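Participant: sequence and predicted structure, then a few things I'm wondering about:
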Amino acid sequence: MTAPRTPPATVPLTQLASVIRSKNSGPFELTLDIMFKRETDYLFLKNSGVFTPGLFASLYGVEPDQVLRVIHFDPACAVKATMVRPVPSGGPGDTDVYGAQQHAPLLGLQVPAPPTVPEAHPPHGPAREQGKGRACH
Amino acid sequence: MTSGGGACDPCPKDAAEVGPAHTADPGGPAHPRRQAQFKVLSPTAILGYGFPVESFARGMARRPDLIAVDAGSTDPGPYYLGMGKSFTNRAAVKRDLEIMLEGALGAAIPLVIGSAGGCGAREHVEWTRAILEEIARERSHRFRMAIVWADIPRVAVMGALRDGRIRQVSAAVALTPEALGRTDRIVAQMGVEPLIAALDGPRGGLLDWSSDKSPDGPLDVILAGRSYDPAPFAAPAIRAGFDPGLALHMGKILECAAIAATPGSGADSVLGTLEADSFVLEALDPGRRFTKTSAAAHTLYEKSDPYRLPGPGGMLDLTAARFIEVGDGTVRVTGSRFVPDDLYTIKLEGAALVGYRTVSIAGIRDPGLIAQIDSVLEKVRELAARAAPQVGSPRLFFHLYGRDAIMGPREPLRDRLPHELGLIIEALAPTQDQADTLCAFARSTLLHYGYPGRISTAGNLAFLYSPSDMPAGPVFEFSVYHLMEVDDPLAPFPIEFCQVGE
């Protein structure tokens, strides 16, 4: 009975990615990695140009010049964004010495939907996070 | 230098503390390549993280040419460098070293330990050396060891700063004489050259590696201070004539051991086999394997640019690198290139004391207080500053777990009200006493603060512990994280040769 639905314009990043993580890149930088499950999705989003310094700056509420570089790394179907740490690792006022828990803003990100979309509910964490209906900034 | 029972004895004077007159060019093989393969066994991601003996034994059965291990990282923060302490556990490091040493001595292959003690400063190297000496005593081992020191005197850095030979790197602030003045301990990441010189031995490589155990024979253990992570894995292979780009890239992956395999683990062993134009990665636990993606993905880890990895003396260029699955859970990598720099630089690391910390941990469950927590904490901050006037330039931090303690102003869900909050009051002051005082004032003021609409008048905080306040000791910051130009890649890293065990 269901009529064919028009594909959605956007999908949660968590539906396409297998890894979303943050980590120090040295004590003064924070680097974010997004790895995709399918090469087609990775290439689709790479070509869509959605991952820009401006995107990461708005997600994290910082000036674009704080995002040092965004790199697409084909061998791992991965996007990497590197930002200036607000406080150097382990210094006064730092809140995450390894920088390993700074990825959450990416979990709510909506990205352009590729022509076909993999299964809607990944088995763990990220699905729950985006399921709260939080819009991307 | 320690000299008690079975300790490291100094070598003849002419050899001690001097790097042999041998300079390897990482851009080209140091020696002609005489073997088809060079196998490197990486037991664990960090010395002291452990590994299954079965994996290690499988690796040894493959007759490796080298056992190498990275002991260091800047990830745990500046405290360990500042204090000269290891971030790893002594008993765990000893257990790992016992197995590696047994394997290396039994097979007559070198064991190379990089960034000893976690940060690779003199105290960290001495700490590791004492463990090795203890093992030698207990197990009646006798072996030859080279120690490569990585401490850089502050005057040398000051001179380089004056001469314009210090370069800023990453997002670190510019180095100033003031910051240098506050920094007691500075190390530099060594490249492969000092390690190759150490492997060459006190006679500068005049003796064949395969010669027997004469006093002048080959080195059994290289104990290195702060090292570029891949260098302990790559140096012996480059010395044996293999391509520096491939050797360094293989080292880059092997230094994290099975973290680069799938499922990943920081506490399991892997083997790398270097050939003339490629290298092969394999996991040593049958439950793990390398895949094209796991190997390539690891290249991203903790790096800001996966294509260009700068290191001592040059850059590892991976733009042409290819990852190919060759069956049985192994991956072959080709195309990695080393591009030498015009000017050789080494990366300096230093940590400066910024004060002392005291913390108090408490929970808040009252919705009325949670709803106005920011204005209450602001008031407490004012009152505490007034009540503790003797404290010079103190800093008070309130960390609110359950709201934004992890991401601070970057937290997208900052405005959502939780039903409970975890609060850490952190006082930072020039002395421990002053930090204790400031923390105590902030804690007692907040405990009994009468905020508007308060109905819970017996106290605002659920303390987790008695005592509520904990002096947490010295606090450091990374004050030096810069590149220094050097004329000779060996000169900053003195080598000491010695014999361990009776």
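Facilitator: Perfect, thanks for sending it.
Participant: up against chain A, what does the stretch 151-300 of chain B have?
Facilitator: Residues of the stretch 151-300 of chain B that fall close to chain A, judged by CB under 8 Å from any CB of the partner chain: B:169-172, B:292-293, B:296-297, B:299-300. Every residue, glycine included, has its C-beta placed from N, CA and C.
Participant: ranges for the helices of the stretch 401-502 of chain B?
Facilitator: For the stretch 401-502 of chain B, the helices defined by DSSP state H, counting those that start in this stretch occupy B:432-447.
Participant: OK, contacts around the nearest residue to residue A:101 once chain neighbours are set aside?
Facilitator: Distance criterion CB to CB, 6 or more residues apart in numbering or on different chains; nearest residue to residue A:101, sequence neighbours excluded, is residue B:406 at 5.2 Å. Contact analysis of residue B:406 by CB atoms under 8 Å, 6 or more residues apart in numbering or on different chains lists A:95-96, A:101-102.
Participant: just the buried subset of these, please.
Facilitator: Those of the contacts of residue B:406 that meet the buried threshold are A:95-96, A:102, by 16 or more other CB atoms under 10 Å in any protein chain shown.
Participant: burial count for residue B:412?
Facilitator: Residues contacting residue B:412 under the criterion other CB atoms under 10 Å in any protein chain shown number 19.
Participant: for residue B:201, see how far away it is.
Facilitator: 58 Å (CB to CB, to the nearest Å).
Participant: and residue B:290, by the same measure?
Facilitator: Residue B:290 is 34 Å from residue B:201, by CB to CB.
Participant: so between those two, which is more surrounded?
Facilitator: Legend: neighbour count by other CB under 10 Å for residue B:290 and residue B:201, higher for residue B:290 (27 against 22).
Participant: do you know the pLDDT at the more buried one?
Facilitator: Note for residue B:290: predicted pLDDT of 96.
Participant: looks like it contacts residue B:279 (just checking).
Facilitator: No. Using CB atoms under 8 Å as the test, residue B:290 is too far from residue B:279 to be in contact (11.2 Å).
Participant: which residues touch residue A:34?
Facilitator: A:13, A:17, A:19-20, A:51, A:78-80, A:106.
Participant: out of those, which are inside helices?
Facilitator: Under the assignment DSSP state H, the contacts of residue A:34 contribute A:13, A:106 to helices.
Participant: if we look at chain B, which of the contacts of residue A:34 are close to it?
Facilitator: A:19, A:78, A:80.
Participant: ok, the closest residue to the last one other than its chain neighbours - how many residues close by?
Facilitator: Read it as residue A:80. Leaving aside its sequence neighbours, residue A:80 sits nearest to residue A:71 (CB to CB, 6+ apart; 4.8 Å). Residues lying near residue A:71 (other CB under 10 Å) number 18.
Participant: phi first, then psi, for the residue in the stretch 101-250 of chain B that chain A sits nearest to.
Facilitator: For the stretch 101-250 of chain B and chain A, the shortest gap (CB to the nearest CB) falls at residue B:171, measuring 4.1 Å. For residue B:171, the backbone dihedrals (degrees, to the nearest 10) come out as phi -100, psi 20.
Participant: then residue B:395?
Facilitator: phi -130, psi 140.
Participant: from residue B:401, how far off is it?
Facilitator: 19 Å.
Participant: with residue A:65 instead?
Facilitator: For residue A:65 relative to residue B:401 (CB to CB), the value is 31 Å.
Participant: repeat for residue A:42
Facilitator: Taken as CB to CB, the span from residue A:42 to residue B:401 is 35 Å.
Participant: more neighbours: which of those two?
Facilitator: Taking other CB under 10 Å, residue A:42 and residue B:401 do not tie; residue A:42 has more neighbours (23 against 16).
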